[in-house]
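let me see the structure of the following:
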Amino acid sequence: MSALTFEKSELSNLEYSLQREMLATDRIGGYMSTTIVCCNTRRYHGLIVAPIDESDKTYVLLSSLDETIIQHDQAFNLALHRFPGVYEPRGHKYITDFEYTPTPTITYRVGGVILRKEMLWIHKRTQLMIRYTLVDAHSETKLRLRPFLAFRDKHELTHANMEACGHSYPAVNGVKCRLYESFPWLYLQTSKPGTEFVPAPDWYYNFEYLQDIARGYDGHEDLMTTGYFETELKKGESIIFSASLDEMGSTKTIEEVYAASIARRTHKVDFHSCLEHSARQFLIRRPGNRTEVISGYPWHGVSTRQTLVALPGITILQNHKEDCIDALDTLVRDMKEGMFTGDGSAAVAADAPLWFFWTLQELEKEIGGKAVWERYATAMKGILENYRKGVAGRVILNDNGLVWASADQPLTWMDSVIDGVAVTPRNGYQVEVNALWYNAVCYTLELAAANGDKDFVKEWKELPERTKASFNELFRLPEGYLADYVGENGPDKSIRPNMIIACGLKYKMLDTETQLEVIRTVRQHLLTPRGLRTLSPRNPLYRGTQVGTPAERDFAGKNGSVWPWLLMFYVRACFDIDGDRFRPQAEEMLENFNEDIQSYGIGSIAELFDADPPFSPRGAISQAWSVAAVLDIWHLAHEHKAAEKPARAPRKSAAGKSAEKKAATATEKKSTEKKSSATAAEKKPAARRTVRKTEKK
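Presented below is the predicted three-dimensional model:
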């Protein structure tokens with residue numbers, strides 16, 4: 001697949017450039033994000049957005065930096081800002097090129113002046129460095145840099161006030177600023193000795209953020225500037241601007257840090273390398289030996305559910321199993337009485353603890369079952385025991401072997417609430433919760449038996465068959481798919497994607513025929529080029545676009561909108577059934593995302609997409625489980641491509657092999673058996689052919 005490319009002729013077209021956002025992270029909780037023309041369109045945009053203490057909160061410190069070229073006493077401001085009804089200044093008209101790798105780079109041309117701007121966010125410290133190089137000039141040229149400060153929570157907006165301090169204080173070849181005493185100092189320095197800083201504190205009013213306004217939020221704020229830097233540049237000369245929470249001891253240090261950091265940057269040369277780079281941005285190291293996963297940028301925090309779903313794709317598949325172990329150990333250390341805490345508890349998210357077992361299954365492929373059991377057996381058994389005895393009166397294992405989850409608040413990933421009412425009320429037996437439950441019990445039994453834990457095996461070995469029988473009895477619908485949940489009023493027959501998880505896990509409760517029926521239904525109603533819809537378009541509640549007020553977007557998000565992370569389980573299910581023959585379709589799915597990494601969050605995958613064509617990206621510009629899912633599909637497709645027939649791919653699940661063997665046996669019988677299609681064995685070959693034929697359309 002092609003590398004990132006940007007239409008040079010379109011960079012000055014704001015409809016093109018303002019829809020493309022870039023992101024860089026420091027791997028410790030901070031980030032830089034703005035559009036490719038450096039015009040902020042969200043409150044979450046900023047050049048330094050970072051934590052200032054050990055809390056999870058992050059703050060916009062440095063919002064933007066205006067560059068002005070001065071030649072023959074004429075000033076040309078290269079910046080771009082939106083104010084009500086107008087863009088001013090309009091520096092985008094000077095942009096001639098934008099490159100993303102190895103670091104975001106913008107080239108400006110003003111008459112005979114060519115200026116290159118390279119933006120570098122330093123890893124493992126809160127520091128932004130921007131190197132300006134005067135590529136060409138035919139007369140004396142000066143560069144002026146004016147920083148705009150916010151010093152506020154990234155979810156909020158700031159306005160002119162008397163409490164803000166506009167003073168700047170001397171630092172090594174620069175100044176330090178702090179608008180409020182509760183914040184740390186922000187050091188603004190340059191690498192060129194003698195660069196002048198001119199104090200000129202002032203408020204600039206009514207910066208307008210169009211993306212916030214479009215999403216139904218307030219989108220206006222005021223920003224403070226404390227002054228500006230000014231220096232003369234000669235042709236070929238560079239100057240590095242540094243903004244950091246730590247003071248650089250000398251101009252030489254600034255140059256050395258920049259040179260060392262840029263040398264370590266990887267080149268995002270194709271689709272896969274872009275996603276690998278994106279995957280690394282979600283994993284953060286916090287004080288106290290904590291490794292966590294940011295769910296998405298720019299506004300999401302840490303979610304246990306999304307952490308566990310995303311971990312295999314963003315760590316193990318990148319040969320970073322140690323990062324996966326560190327993140328799991330962080331969760332396990334926080335456990336109380338055998339259950340995860342916070343939003344990882346089953347009392348808050350009925351499925352979240354069960355995703356732990358899915359992650360361990362993927363980790364086992366790297367470190368082996370014995371190592372998984374030695375490290376996590378206590379946590380695994382503690383979680384299962386909590387479900388059995390009940391969690392906070394909300395989640396309980398019933399005598400039929402199924403998990404019942406019910407509360408005033410939603411307990412599954414479909415957790416949107418409008419005016420205190422769940423958008424998708426699913427109290428009862430949820431299909432994915434019980435699929436995950438069965439998978440967790442079976443996997444724990446497998447490891448316990450292999451590692452000699454006879455007591456656990458004796459205590460739990462009878463449960464899976466009971467769970468399986470009850471699941472098939474309650475969830476299988478005569479219409480040919482699975483109920484989304486079974487509540488007090490019986491099964492909910494809405495066609496939703498959660499049932500595909502029951503087909504994509506290692507341990508399945510469904511026979512091959514039922515899996516095929518689920519796959520066919522999902523493909524007919526829910527499959528799109530960007531993932532799976534959350535509701536069939538035939539349902540009157542369906543919404544095809546995720547736009548409007550927060551309430552309208554929340555409703556659409558779980559009643560139509562497409563989520564890429566679910567596609568991973570559809571692809572796994574199809575590979576389990578069709579093996580190598582499904583690879584061309586998996587590769588086609590990957591090709592669909594190639595455009596998206598160039599048109600929304602640069603080099604990454606969005607949180608969700610519209611359910612109707614053209615499937616526009618929505619939500620966070622870079623989402624961990626979206627990236628993880630696409631990487632998972634990429635690896636599955638390449639493993640099946642490399643596999644020698646008739647050998648199966650290395651990541652083939654045991655359940656998938658069993659299903660294929662049964663289907664193959666049924667196919668062989670077809671030529672000799674002429675009986676009625678009443679039996680399941682005779683139905684399987686025709687069903688398989690139907691699915692493959694449909695999927696190739």
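
CA only for contacts and neighbour counts going forward, please
Noted.

how far out from the middle of the chain is stretch 520-529?
The chain centre lies 23 Å from the centre of stretch 520-529; the measure is CA atoms, centre = their mean, to the nearest Å.

I misspoke; the intended subject was stretch 154-169.
31 Å.

what does it rub up against?
43-44, 49, 58-60, 150, 152, 175-180, 199, 201-203, 205, 220-226, 299 (CA atoms under 8 Å, 6 or more residues apart in numbering).

how does it look with 7 Å?
43-44, 58-60, 150, 152, 175-180, 201, 203, 221-222, 226 (CA atoms under 7 Å, 6 or more residues apart in numbering).

and stretch 284-293, by the same measure?
By CA under 7 Å, 6+ apart, stretch 284-293 touches 27, 28, 29, 54, 282, 283, 302, 307, 326, 327, 330.

what number of residues lie near residue 550?
15 (other CA atoms under 10 Å).

report pLDDT for the nearest residue to it once chain neighbours are set aside.
Once flanking residues are discounted, residue 550 sits nearest to residue 216: 6.1 Å by CA to CA, 6 or more residues apart in numbering. The model reports residue 216 with a pLDDT of 94.

what residues are bridge-paired with residue 35?
residue 21 (DSSP bridges).

residue 44 versus that one, what's the distance?
11 Å (CA to CA, to the nearest Å).

returning to what we had before: looking at the contacts of stretch 284-293, which is nearest residue 499?
Within the contacts of stretch 284-293, the smallest distance to residue 499 is 21.0 Å, found for residue 307 (CA to CA).

about what we covered before: who has more neighbours, residue 35 and residue 44?
More neighbours surround residue 44 than the other of residue 35 and residue 44, with 24 against 21 (other CA under 10 Å).

before we move on, back to that, and the least confident of the contacts of stretch 284-293?
The minimum pLDDT among the contacts of stretch 284-293 falls on residue 54, with 81.

return the backbone torsion pair for that residue.
phi -90, psi 0 (degrees, to the nearest 10).

count of neighbours near the residue nearest to it when sequence neighbours are not counted?
Distances taken as CA to CA, 6+ apart put residue 287 closest to residue 54, at 6.7 Å, once the chain neighbours are dropped. By the measure other CA under 10 Å, the count of residues near residue 287 is 10.

ends of stretch 164-175, how far apart?
17 Å.

buried sites along it?
Of all the residues in stretch 164-175, those buried under the rule 16 or more other CA atoms under 10 Å are 164, 166, 167, 168, 171, 172, 173, 174, 175.

so which of those would you say is closest to residue 475?
residue 164 (59.9 Å).

secondary structure class for that closest one?
coil (DSSP: H, G, I helix; E, B strand; the rest coil).

for residue 148, see how far away it is.
Relative to residue 148, and taking CA to CA, residue 164 is found at 13 Å.

for the most centrally placed residue in the chain, grab phi and psi.
The residue lying closest to the centre of the chain (CA atoms, centre = their mean) is residue 623, at 1.4 Å. With angles defined as degrees, to the nearest 10, residue 623 sits at phi -120, psi 130.

ok, back up a step: ok, of the buried residues of stretch 164-175, which one's closest to residue 98?
residue 174 (28.5 Å).

ok, the closest one to residue 251 distance?
Distance from residue 174 to residue 251, by CA to CA: 10 Å.

now for the two: what residues contact both?
residue 190.

how many neighbouring residues does the residue nearest to residue 444 when sequence neighbours are not counted have?
Excluding the flanking residues, the one nearest residue 444 by CA to CA, 6+ apart is residue 380, at 7.1 Å. Burial measure for residue 380: 23 neighbouring residues, criterion other CA under 10 Å.

which pLDDT value goes with residue 380?
Residue 380 is given a pLDDT of 98.
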